[in-house]
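> This is a predicted model, with the sequence first.
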Amino acid sequence: MTIKEITHLYNRVGFGISFQEASSLQKQSRTQVVSNIFDASREMTPLSVDVSEIKSQVRGLNLKDRKKIRSLIKDSVKKIHQLNIAWLYKLGNTQELLREKMTLFWANHFVCHDKNILHFQQYQNTLRKHALGNFKDFVIAIAKEPAMIKYLNTKQNKKRKPNENFARELMELFTLGRDHYSEKDIKEAARAFTGWNHDLMGNFRFRRMQHDYGEKTFLGKTGNFNGEAIIDIILQEKQCAKFICEKLYRYFVNDSLDASRVAEMTELFYQDYDIENLMRFVLTSNWFYDEKNIGTKIKSPVEFLIGMHRIVPMQFEKERELVYLQKLLGQHLLFPPNVAGWKGGRNWINPNTMMLRLRLPSILLANGEIALDEKGEFEDDFQRFNSKRNRQRRLKVIPDWETFHANNSNTTTAQLQEVLLTSPLNRGTKQYLDKLADQDLKEYCIQLMSLPEYQLC
Amino acid sequence: MNRRNFLKQASLASAAMFLPKFVSGFNLIDSAVATGKKLVIIQLSGGNDGLNTVVPFRNDIYYKNRASLAQQKSNLIGITDEIGFHESLIAHSNLYHNGELCVINNVGYPNPNRSHFRATDIWHTASDATEYLQSGWIGRYLDATKSKSLNAIEVDDSLSLIMKGETTDGIAAKNPKLFYQTTQAPYFKKVVNHHDDAHLSEHNLGYLYKTMVTASNSAKYLHETSKTFTTKTTYPKNGFSKQLKQVAQFINSGLQTKVYYASLGGFDTHANQANKQKRLLKVYDEAMAAFIKDLKQEDSFKDTLILTFSEFGRRVQQNAANGTDHGTANQVFLIGEQLKKQGFYNPMADLSDLDSNGDLKYDIDFREIYTSVLNNWLDIDAKKVLGKPFNGLNIV
């Protein structure tokens, strides 16, 4: 494989690659390189923060003790912020690249949020566990997750008073896409999921008394369907395979769909809904490496941050600043804007986020300043709100240049450029860069990362 | 060309003549929307307790539900025989008596949501409670008028959903000098200067370069224009006042921007509400007083409409911690010289008819207010922005 192809592959299944690593793979065949990527993701290392204290408190919880519950929720929300930081560092250091990248994809597909750390952490790892598995098992597992049961009101879905929220989003966002089912189908599907509930510790519980055992007619089929049967019927629709393949194509290949490639993917995926097979097909195909697919996608804020970190490792002294950066860039992991998730693509970019992205490498790596005023939180008292306005600050970040130099001891500026910028260069910018090429590698690295071209992968 | 168009063209021409071509924001603002009218939107974030802000001091139900939190008549600023303003709202009571304030009571929407995030999204996007939109109504105003980012400014470091359109987003600029300085970092400047316009294709890379150039030009225009004005008004020293001072500077310096947005946080008063709300409303009221004075001195108040909202009101029944929990409908303040309806637009909420949660049932959909503001103040067909028709109100 060429350096360009290897870089493209690693941009999409991970967060980029160093020149040395890329050149060490050059002699291998594409099948081999892709195979190694899957092997590296064979294991599943869960994302976790320490929840033992909260767990033991929940075990002995008296549900009438409102004060206790309030303080538990407060502790739990703190843990969710810790989980957010832990996730970022996991992305920055993981060997299970593809599994983590797929998990990011699925987290923005099966969008969910919960304040209960026990349930939400478990949810995150269900995403991880099934990220490369069978899609049907995946959908069933998600439907049974306490966090999802709460998020889309399955908990309130009872025989005598069905709640359609989950049934609607299951079809509209998770499996079929809009306009491939009727309002009647939603009502019937909702009946099939009645009684799906959970206990405090996060186990799925089926409440028989609340389940509607009556006959349902759904997508043209009639029977005594339960939730699993509904999911099974949905997956028999080829539209479901197509819907998922389109979304995966947009995420891993190109923002604009190529109908014939998506059709190839759909044929394959429809056979067994095996996500790993599908991804292997995409990553080994010739068209994945077509010029039009290389360096064309706008990096998500997380791809942008982690990509920098993987070239120059960074340690944030104040985790709060890392949270704020995510908010400024428009992607705060674990806090999606709504059930449809982040729109991605050009929606990441507006004049403010663009400026911030271009300046961020010098802020993080070269001691630059940033306006770091948080928006007033709902709960802030006003002294705090007022004391922090209109200030420029330096972020407390320690970039690890030693590791950078160790990883790039023989790398030239041209080689560094080859792995950091994969899109075609703007002509004026190229001329400007040529003048800088005999610079120190560290300076050159920061400058490459400060270009609009670096926003693409 | 009618008189109004002529004046519009003339004022644009003169503004452009004073500035060297390269700093001129002429190309940054769409002339089609460059009339003089401005809209300033203010959010009291966290859910202000409307019932203790505009108080029905003859209502027994109010006192019954607010054993320790009710505002006593003697503390209020009397407005009518039955209604008083919170003691912090001194400037607002003057505005009321000058006919420059319209209080729209009991504003909400069907199936109200009591989460801050969700309720804020609903107010920002003008969606139904069951609908998830990813663009805000001011952002879609930019889309519908095909105007540039600079036509809507949030006085903050990052952009809220209200400012994000489908194709165009507003700009967040809290301090134009700092904003400008960030574009003057040597390397950034070089990239802006060196790029090759001819290669700004429809490719994502072209989009990135175009956005970069917009940011850079906007920052320059904002800085160059706003520094031509120095206020003579003294503002209180706090963050919210600084934001409003900045808005006044933008407006008074002749910036063509149509919409400004700022917010004041901290209204989530679940415990020990009385003192917190008193201080917060004081910050809000005093900042507004200075802001309006500043505008009046430069004769720009007549063209400015100020809309204040909060994402929800609070429960009628107070809680055990001397605070209130998340509620539903709330009042909206409209401030300006050209109000069609002055004083109270409609009666206060009926406290004897609450929903199953013990919350107010709304009378006026907030999108009816947006509709009037869009149709009658921003001069655009509101349906293009809101996606569906609402009855307007006779307010502006």
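That came through, no problem.
> And the helices in the stretch 51-200 of chain B?
B:60-65, B:90-98, B:116-125, B:137-144, B:176-183, B:186-194 (DSSP state H, counting those that start in this stretch).
> what's the most buried one of the ones you listed?
Most buried of those by mean neighbour count (mean count of other Cβ atoms under 10 Å in any protein chain shown) is helix B:137-144; its value is a mean of 26. Every C-beta, even on glycine, is put in place using the N, C-alpha and C of the backbone.
> Okay, residue A:80 and residue A:66: tell me how far apart.
Look at residue A:80 and residue A:66: by Cβ to Cβ, to the nearest Å, they are 21 Å apart.
> Which of these two has more residues huddled nearby?
More neighbours surround residue A:80 than the other of residue A:80 and residue A:66, with 18 against 10 (other Cβ atoms under 10 Å in any protein chain shown).
> hang on, the more buried one packs against residue A:115?
Yes - look at residue A:80 against residue A:115 with Cβ atoms under 8 Å: they come within range, at 6.9 Å.
> Where does pLDDT dip in the stretch 101-250 of chain B?
B:198-202 (pLDDT under 70).
> ugh, wrong one, the stretch 251-400 of chain A
A:369-393.
> measure residue A:40 to residue A:4 for me?
From residue A:40 to residue A:4 the distance is 21 Å (Cβ to Cβ).
> An error on my part: the question was meant for residue A:271.
Applying Cβ to Cβ, the value for residue A:271 to residue A:4 is 32 Å.
> which residues sit in contact with residue B:195?
A:426, A:428, A:429, A:452, B:209, B:212, B:213 (Cβ atoms under 8 Å, 6 or more residues apart in numbering or on different chains).
> ok, for it, nearest residue in space, not its chain neighbours?
residue A:428 (4.6 Å; Cβ to Cβ, 6 or more residues apart in numbering or on different chains).
> quick revisit: return the member of the contacts of residue B:195 nearest to residue A:169.
residue A:452 (35.9 Å; Cβ to Cβ).
> hang on, that closest one packs against residue B:210?
No - the pair residue A:452 / residue B:210 is not scored as a contact, 9.6 Å apart, by Cβ under 8 Å.
> what about the residue nearest to residue A:104 when sequence neighbours are not counted, which SS state?
Of all residues not flanking residue A:104 in the chain, residue A:302 sits nearest, at 6.8 Å (Cβ to Cβ, 6+ apart). Following DSSP: H, G, I helix; E, B strand; the rest coil, the label given to residue A:302 is helix.
> Kindly list the main-chain dihedrals of whichever residue of chain B sits closest to chain A?
Closest to chain A within chain B is residue B:265: 2.2 Å, counting by Cβ to the nearest Cβ. Main-chain torsions, residue B:265, degrees, to the nearest 10: phi -100, psi 170.
> I'd like the helices of the stretch 51-200 of chain B as CSV, with distance to residue A:254 appended.
Listed next are the helices of the stretch 51-200 of chain B as CSV, based on distance: least, Cβ to Cβ, whole Å:
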stretch, distance to residue A:254
helix B:60-65, 59
helix B:90-98, 55
helix B:116-125, 29
helix B:137-144, 25
helix B:176-183, 31
helix B:186-194, 26
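> Out of those helices, which gets nearest to residue B:365?
Smallest distance to residue B:365 across the helices of the stretch 51-200 of chain B (Cβ to Cβ): 11.2 Å, for helix B:116-125.
> Could you find the closest non-adjacent residue to residue 120?
As the question left the chain open, I've gone with chain A. Closest residue to residue A:120 apart from its sequence neighbours, by Cβ to Cβ, 6+ apart: residue A:114 at 4.1 Å.
> please go with chain B instead
residue B:311 is the one closest to residue B:120 (Cβ to Cβ, 6+ apart), at 4.5 Å.
> Surely that neighbour touches residue B:50?
No - in this structure residue B:311 lies outside contact range of residue B:50 using Cβ under 8 Å: 11.4 Å.
> mind checking the end-to-end distance for stretch B:351-365?
For stretch B:351-365, the first-to-last residue distance is 18 Å (Cα to Cα, to the nearest Å).
> Likewise for stretch A:413-429?
For stretch A:413-429, the first-to-last residue distance is 16 Å (Cα to Cα).
> Show me what from the stretch 201-350 of chain A comes close to chain B.
Residues of the stretch 201-350 of chain A lying close to chain B by Cβ under 8 Å from any Cβ of the partner chain are A:255, A:296-298, A:327-328, A:337-340, A:343, A:345-347, A:349-350.
> rerun at 10 Å
For the stretch 201-350 of chain A, the residues in contact with chain B (Cβ under 10 Å from any Cβ of the partner chain) are A:255, A:292, A:295-298, A:324, A:327-330, A:335, A:337-343, A:345-347, A:349-350.
> for the chain, which helix is longest?
I went with chain A, as the question did not name one. Identified as the longest helix of chain A according to DSSP state H is helix A:66-93.
> Wait, chain B was what I had in mind.
helix B:273-297.
> And that helix, how far out from the chain middle?
Distance of helix B:273-297 from its chain centroid, counting by Cα atoms, centre = their mean, to the nearest Å, is 15 Å.
> now stretch A:105-113
With Cα atoms, centre = their mean as the basis, the mean position of stretch A:105-113 lies at 7 Å from the chain mean.
> same thing with stretch A:176-184?
That offset, for stretch A:176-184, works out to 26 Å (Cα atoms, centre = their mean).
> cool, stretch A:327-346 as well?
Distance, centroid of stretch A:327-346 to centroid of chain: 10 Å (Cα atoms, centre = their mean).
> picking up where we left off before, model confidence for the residue of chain B closest to chain A, exactly?
Here, the pLDDT recorded for residue B:265 equals 89.
> Tell me the spacing between it and residue A:341.
According to Cβ to Cβ, residue B:265 stands 26 Å off from residue A:341.
> same question, residue B:57
Applying Cβ to Cβ to residue B:57 and residue A:341 gives a distance of 47 Å.
> if we can go back for a sec, secondary structure element for the residue nearest to residue B:195?
Element membership for residue A:428, per DSSP states H and E: helix A:427-436.
> Mind listing what's buried along that helix?
For helix A:427-436, a neighbour-count test (16 or more other Cβ atoms under 10 Å in any protein chain shown) marks A:428, A:429, A:430, A:432, A:433 as buried.
> now swap in stretch B:74-82 and tell me
For stretch B:74-82, the neighbour count (16+ other Cβ under 10 Å) marks B:76, B:77, B:79 as buried.
> now do stretch B:109-117
For stretch B:109-117, using 16+ other Cβ under 10 Å, the buried residues are B:109, B:112, B:113, B:114, B:116.
> With stretch B:389-396 instead?
B:390, B:392, B:393, B:395, B:396.
> Can you show me the strands along chain B?
Using DSSP state E, the strands found in chain B span residues B:38-44, B:54-56, B:77-78, B:83-85, B:101-108, B:152-154, B:171-172, B:259-264, B:304-309, B:330-335, B:343-344, B:364-365.
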